[in-house]
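Student: below: sequence and its predicted model.
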Amino acid sequence: MPGPLSHVRVLDLSRIMAGPWCGQILADLGADVIKVERLGEGDDTRRWGPPFLRDVDGKPTREAGYYLSVNRGKRSVELDLKSDKGRAAIKALAAKSDIVLENFKTGTLDRIGLGYEDLRAVNPKLIYCSITGFGLTGPMAGDAAYDFMIQGMGGLMSVTGSPDDEPGGGPQKVGVPIIDIMTGMYAAIGVLAALSNRDQTGTGDHIDLAMLDVSVAMLANQAMNYLVSGQKPVRRGNRHPNIQPQNVYPVKDGHIVLAVGNDGQFRKFAQEIGQPDLADDPRYATNAARVENLEALEAILIDALTDRTIADWVAAFSAAGVPSGPINTVDRVFDEPQVQHRRMLRDIPHPLSGTVKQVVSPLNFRNAGLSFDKAPPLLGEHTKEVLHDLGLEEIQP
């Protein structure tokens, strides 16, 4: 398999989204990712539909869209981790793997003899990443978690959504499981850093990664705004807390996103909307002034933008070097010429449907190009193959 990680094997014991997202990143990079699933049941997300993939006759399969979004490029092995044979197979796989991903509740794998110390005993160079809701230590270490609750607990929902005094105001979660996805990204970064360190030191590592920690870490500028000012960040709708004008504005046939990032862009923007004097007005000439006088500025902008269409404004701003864009629905995202040019959507062969569409990795390597030729596996599709390769036919479940 091509890709910069074609020499790496990953034993993926994780389910749902965060761990599998990490596994998919590694698989896209060329790693051999062996996804171990519960015997006869598989990953919970296989059943998180509708929608379900349709077969070549148009009939729904048992492959949910949710599952298909996060398991591309892996091999699926069914094992019963409660059985001696299943646990023996895990240890045999760990002995020949570089990385283990797991997101069981804290202590679960230790109790069945598959914790870090157990697998390190068979492979001292192993990199073992434990993904949990709250970490391996602390008063909530044993609690379960899902993305939604962590978006609330970690503060993200307190700064997402319209202000409470506006129609539709109140806490909002992000439209994708962003904590799971970011946790998966951090997991990928962590295991690759540990892999690099292992190349230098010869030793493996155990990474303790918590979804709540990730949520706190990604508060970024909102956290620092609070820490340097003492002012509690609040929901501002689409308004940026530090840079203006950045908001969603009504135009003749809908709305556009405007993301002016500096004073130079604001000058171009003011010129383009026919109000060049705004760029020299001390109330709006600098970003700090625009943030302070946003209410008055927005009234001017809303009036100035209302008579032209989305396409007109986006084309004009693009030509002027002012960041702006439409608010696409998902179907229109895939119709965007730039998205099509970048080949972000691919058709991959699938044993039930003929092909399955996949939104692929955004990483493009000049010298170690990625290939996307393995669809998310059927449950247990590779059990016999993987165990045979390891000489483990005798312990098949």
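Tutor: Structure received.

Student: tell me which helix or strand the residue nearest the centre of the chain sits in.
Tutor: Central residue of the chain (C-alpha atoms, centre = their mean): Ile181, 2.7 Å from the mean position. Assigned by DSSP states H and E, Ile181 falls within helix 178-201.

Student: contacting residues for the residue lying farthest from the centre of the chain?
Tutor: Here the chain reaches farthest from its C-alpha mean at Asp277, the gap being 42.4 Å by C-alpha atoms, centre = their mean. Taking C-beta atoms under 8 Å, 6 or more residues apart in numbering, we find Asp277 in contact with Ala270. In short, each C-beta sits where N, CA and C put it, glycine included.

Student: name the SS class of it, please.
Tutor: Judged by DSSP: H, G, I helix; E, B strand; the rest coil, the three-state class of Asp277 is helix.

Student: distance of it from Leu305?
Tutor: Asp277 is 17 Å from Leu305, where distance means C-beta to C-beta, to the nearest Å.

Student: how about Lys374?
Tutor: Counting by C-beta to C-beta, the gap from Lys374 to Leu305 is 47 Å.

Student: what's near enough to touch Pro376?
Tutor: By C-beta under 8 Å, 6+ apart, the neighbours of Pro376 are 63, 67-68, 70-72, 74, 356.

Student: quick check, nearest of those to Ser83?
Tutor: Lys74 (22.4 Å; C-beta to C-beta).

Student: in this structure the closest one contacts Ala375, no?
Tutor: No: Lys74 lies out of contact with Ala375 (C-beta atoms under 8 Å); the separation is 9.6 Å.

Student: now do the strands in the stretch 251-397 of the chain.
Tutor: Applying DSSP state E, counting those that start in this stretch to the stretch 251-397 of the chain gives strands spanning 254-259, 324-326, 345-350, 354-359.

Student: so what strands line up beside the shortest one?
Tutor: Each strand that pairs with strand 324-326, with its direction, by DSSP bridges: strand 254-259 (antiparallel).

Student: buried residues, the strand it pairs with. List them.
Tutor: 256, 258-259 (16 or more other C-beta atoms under 10 Å).

Student: touching, Asp32 and Val8? I think so.
Tutor: Yes: using C-beta under 8 Å, Asp32 is in contact with Val8, at 7.2 Å.

Student: which ones are touching Leu294?
Tutor: 239, 244-245.

Student: tally of neighbours for Leu352?
Tutor: 16 (other C-beta atoms under 10 Å).

Student: from Leu209, how far out is it?
Tutor: Taken as C-beta to C-beta, the span from Leu352 to Leu209 is 34 Å.

Student: do you know the pLDDT at the residue farthest from the centre of the chain?
Tutor: At Asp277, the predicted lDDT confidence score is 97.

Student: what does Arg47 give?
Tutor: pLDDT at Arg47 comes out at 95.

Student: quick one, what contacts it?
Tutor: By C-beta under 8 Å, 6+ apart, the neighbours of Arg47 are 62, 64.

Student: from here on, count from 49
Tutor: In the new numbering, first residue 49, that becomes Arg95.

Student: for Arg391, see how far away it is.
Tutor: Arg95 is 31 Å from Arg391, by C-beta to C-beta.

Student: contact partners for the residue nearest to Leu427 when sequence neighbours are not counted?
Tutor: The shortest distance from Leu427 to any non-neighbouring residue, by C-beta to C-beta, 6 or more residues apart in numbering, is to Gly90 (4.1 Å). For Gly90, the contact set (C-beta under 8 Å, 6+ apart) comprises 124, 126, 427-428.

Student: how close does Gly90 get to Ser124?
Tutor: 8 Å.

Student: joint contacts of these two?
Tutor: 427-428.

Student: which stretches of the stretch 149-298 of the chain form strands?
Tutor: So, for the stretch 149-298 of the chain - with DSSP E, counting those that start in this stretch - the strands run 175-180, 253-258, 294-299.

Student: kindly reformat these as JSON lines containing distance to Val381.
Tutor: Output for the strands of the stretch 149-298 of the chain, formatted as JSON lines (distance: least, C-beta to C-beta, whole Å):
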{"stretch": "strand 175-180", "distance to Val381": "29"}
{"stretch": "strand 253-258", "distance to Val381": "30"}
{"stretch": "strand 294-299", "distance to Val381": "17"}
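
Student: fine by me, thanks again.
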